[in-house]
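# requesting a structural model of the entry that follows:
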Amino acid sequence: MSSSGVEKYDIVIVGAGPVGLLLSTCLARWGYKIKHIDMRPEPTLTGRADGIQPRSLDLLRNMGLKRQIMAHEPAKVYEVAFWDPRDNGKGIHRTGTWASCPKFIDARYPFTTLLHQGLIERVFIGDLEKNGVEIQRPWKITGFKNDGKDKTYPVEVSIGHVDGNKAETMRTKYLFSGEGARSFIREQLGVQITHKDPIAHVWGVMDGVVRTDFPDIKMKCTIHSDAGSIMVIPREDNMVRLYIQVASSTDPDWNPRKQATTEEVQASAKKIFKPYYVEWDRVEWYSVYPIGQGIADKYTLDERVFMGGDCCHTHSPKAGQGMNTAFLDAQNLAWKIHHVEAGFADRSILSSYESERKLIAENLLNFDAAYAKLFSQRQPSAVEVGSASADNPRNAEAEKAANSQHAEENEFVKMFKASCEFTSGYGVAYNPNIYNWSEDHPAQSPLFLSEKKGTTKLRTGRILTAATVTRVADANVVHLEQEIPMNGSFRIYIFGGKPDVTKRAIVDFASNLNKKGSFYSAFARSDASEVSYHERHNPHSRFFTLATVFNAKRPDIEIRDLLPEVLARYNDHVYADDVWDKRVPNARAAAHAKMGLSEEKGGVVVVRPDAYVGCVVSLVEGSGTVDALNEYFKAFTSKNLGGDERAQL
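Numbering: from 1, shown residues only. All right, here's what the predicted structure looks like:
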């Protein structure tokens with residue numbers, strides 16, 4: 001207890017679904033004091049969200065949690081099958097299949113991972129317990145106010161046991177609602193939900209084990225039939241999930257509270273699947289729920305009380321985006337709170353959480369509406385499907401048909417490509433702001449490179465392009481974008497081009513990093529002299545990790561000969577760009593080429609802690625490269641950067 005008798009926390013998190021758990025996991029790892037409550041007596045037992053998209057799997061791997069998720073042997077969806085009514089009224093037939101994450105998206109994991117939410121929650125809970133955080137159950141929030149009575153802990157929060165026999169009051173720096181669609185915190189704040197698409201639906205969802213002669217039961221399927229529509233999602237443990245629309249606000253007898261029994265939904269499914277049969281061995285979970293497209297007008301009012309996940313955005317289950325969007329909400333907020341509380345960034349940066357994440361939710365709702373509308377209007381032809389997924393080798397016939405007819409990129413094809421990118425998670429694109437450099441950024445230098453000008457292929461505000469390289473220290477072939485874990489640090493990749501061309505530029509880069517007023521020295525660790533010899537990522541600063549990539553063969557790279565001390569200290573983050581990549585088949589240094597950097601002269605790429613590109617700068621002799629980076633970091637850090645005093649790390 002604190003001296004005033006009221007316990008104090010860095011953050012109080014309400015709700016232990018995906019958004020609350022990911023936020024809690026990051027902040028617990030970075031040493032924050034957390035109170036985390038949930039109304040449910042235990043984690044989700046069955047059902048709820050189940051789809052982890054490729055980009056989210058990248059994130060989970062970056063957090064070191066992917067292996068535990070995959071240990072549950074989830075179903076993996078590589079293809080989507082489309083089934084439609086036959087003209088003669090004799091049931092359904094398959095009209096096409098395509099990759100769920102086509103090859104034009106450069107994904108490490110080109111599939112959707114299907115696993116019930118409770119198993120995913122337990123992976124996070126296990127990690128939290130390792131870091132001393134236990135979810136307090138079943139407790140709920142009963143009140144809160146940002147009364148500012150304590151400048152450091154301005155928010156007072158009251159919570160109570162669900163059965164009403166216990167209560168606690170505490171003070172906190174931040175309060176976060178991960179409560180889901182029915183949020184007490186959102187209601188108390190008076191934040192409204194704007195409904196974008198006026199059409200609402202009631203969905204039935206059923207998880208179970210079935211017997212059937214339907215050939216695509218292990219695939220994701222969208223089935224349109226004369227008897228209705230259904231979506232099939234394969235799951236772990238030989239289960240299958242069926243989504244079936246029970247009612248729509250376009251129905252003449254529309255009732256948003258319409259219910260349907262398990263037996264009624266099964267009877268509908270049997271009609272839709274004809275001429276195939278389907279029988280249930282068991283039903284594990286069944287629910288009927290209304291869904292409308294909604295988005296919260298605000299994600300915070302004061303940058304002290306925040307909301308994320310389903311509390312802020314609701315939409316149809318078609319796109320499989322709920323949990324994935326929630327993960328990225330939490331990731332975005334976690335590192336920003338960390339940077340403010342650790343003294344790295346100015347408090348004003350917290351406004352970028354709402355501006356970045358609300359834009360993504362709006363894009364999601366627009367896609368969801370357009371995608372649903374497109375499929376309800378008419379069915380795509382085989383030629384269109386082939387044209388849309390022409391890079392899928394399993395669609396060779398359709399591809400030939402598409403090519404022979406010179407199928408133009410019509411609306412369906414464009415929407416398919418855009419929605420694949422969006423639903424995979426790789427379509428997320430944040431607008432220019434203090435973190436995402438553009439010509440309007442406060443940092444001005446002719447050395448900044450931009451996609452717009454064609455001086456780099458990387459677009460700021462988008463995920464760093466995947467690249468495969470060889471780690472010099474142990475000759476392991478590795479995924480460059482995964483080498484630095486989600487540790488709250490900016491990732492600075494020095495693409496060193498050809499060592500004999502850039503040797504002087506790299507020496508100058510290092511000496512300017514070491515100058516007293518540089519972004520790097522200004523945020524040096526006070527305990528740098530006691531840091532473990534084995535510290536791989538943050539030996540000098542908790543806010544930066546450096547990695548160097550040379551256009552050279554691994555045996556030709558002698559780290560101590562080629563790199564000044566400050567860069568050589570990151571011994572495990574020195575790489576040879578010597579792995580061929582079919583996306584840039586003629587490149588000698590594929591990673592350089594994929595980033596759109598000179599294979600001779602290289603460049604420097606700054607990546608935000610959440611893996612999105614912040615800025616790209618030329619690597620030049622003299623102080624220009626570090627000067628440009630000082631200007632970039634000056635836009636949001638808490639210290640005035642620049643200056644020319646020398647201080648050795």
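# buried stuff in stretch 218-233?
Within stretch 218-233, the residues scored as buried using 16 or more other C-beta atoms under 10 Å are 219-225, 227, 229-233. Glycine gets a C-beta too; all of them are placed from N, C-alpha and C.
# nearest to Ala107, of those residues?
Nearest to Ala107 among the buried residues of stretch 218-233 is Lys220, at 16.1 Å by C-beta to C-beta.
# hmm, Ala81 and that closest one touching each other?
Yes - in this structure Lys220 lies within contact range of Ala81 using C-beta atoms under 8 Å: 7.2 Å.
# list residues touching both of those two?
Shared contacts of Lys220 and Ala81, defined by C-beta atoms under 8 Å, 6 or more residues apart in numbering, are absent.
# return the residues in contact with Ile69.
52, 57, 60, 113, 115, 119-120, 123.
# so Glu481 belongs to a helix, correct?
Yes - assigned with DSSP: H, G, I helix; E, B strand; the rest coil, Glu481 falls within a helix.
# just the pLDDT at it, thanks.
You'll see Glu481 listed with a pLDDT of 98.
# name the SS class of Phe633, please.
Phe633 ends up helix, using three-state DSSP.
# give me the neighbour count for it.
As a burial measure, Phe633 scores 26 neighbours (other C-beta atoms under 10 Å).
# next up, the contacts around the closest residue to it other than its chain neighbours.
Spatially, and ignoring its direct neighbours in sequence, Phe633 is nearest to Phe519 (4.0 Å; C-beta to C-beta, 6 or more residues apart in numbering). Residues counted as contacts of Phe519 (C-beta under 8 Å, 6+ apart) are 544, 626, 629-630, 632-634, 637, 641.
# if you rank those by neighbours, which is first?
Neighbour counts for the contacts of Phe519 (other C-beta under 10 Å) peak at Leu629, which has 28 neighbours.
# what's the helix or strand for it?
helix 624-634 (DSSP states H and E).
# how's the chain carved up into domains?
Domain assignment of the chain by automatic domain parsing yields the ranges 7-72+115-195+295-358, 201-291, 448-648.
# tabulate these (a markdown table), appending distance to Gly91.
Compiled in a markdown table, the domains of the chain are given as follows (distance: least, C-beta to C-beta, whole Å):
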| stretch | distance to Gly91 |
| --- | --- |
| domain 7-72+115-195+295-358 | 23 |
| domain 201-291 | 4 |
| domain 448-648 | 41 |
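# closest one to Ser424 among the ones you listed?
Distance to Ser424, taken as C-beta to C-beta, is lowest for domain 7-72+115-195+295-358 among these, at 4.7 Å.
# measure that closest one end to end?
From its first residue to its last, domain 7-72+115-195+295-358 covers 33 Å (C-alpha to C-alpha, to the nearest Å).
# do the same with stretch 479-499
Terminal-residue distance, stretch 479-499 (C-alpha to C-alpha): 22 Å.
# buried set for that stretch?
For stretch 479-499, the neighbour count (16+ other C-beta under 10 Å) marks 480-481, 483-499 as buried.
# what do you get for stretch 279-286?
Quick answer for stretch 279-286 (16+ other C-beta under 10 Å): 280, 283-286.
# and Glu356, what does it touch?
Applying C-beta under 8 Å, 6+ apart, the residues near Glu356 are 332, 430-431, 433.
# farthest-apart pair in the residues you listed, please.
Farthest apart among the contacts of Glu356 by C-beta to C-beta are Asn332 and Asn431. That separation is 13.3 Å.
# okay, the two: which has more neighbours?
Between Asn332 and Asn431, Asn332 has the larger neighbour count (other C-beta under 10 Å), namely 23 against 12.
# from Arg608, how far out is that one?
Using C-beta to C-beta, to the nearest Å, we find Asn332 at a distance of 9 Å from Arg608.
# same question for Ile34.
Using C-beta to C-beta, we find Ile34 at a distance of 23 Å from Arg608.
# ditto for Ser532
The gap separating Ser532 from Arg608 is 26 Å, by C-beta to C-beta.
# comparing those two, which shows the higher neighbour count?
Ranked by neighbour count (other C-beta under 10 Å), Ser532 and Arg608 place Arg608 first, with 21 against 7.
# what's near enough to touch the residue lying closest to that one once chain neighbours are set aside?
With C-beta to C-beta, 6+ apart as the criterion, Arg608 has its nearest non-adjacent residue at 5.0 Å, and that residue is Gly614. Neighbouring residues of Gly614 by C-beta under 8 Å, 6+ apart: 435-437, 460, 490, 606-608, 632.
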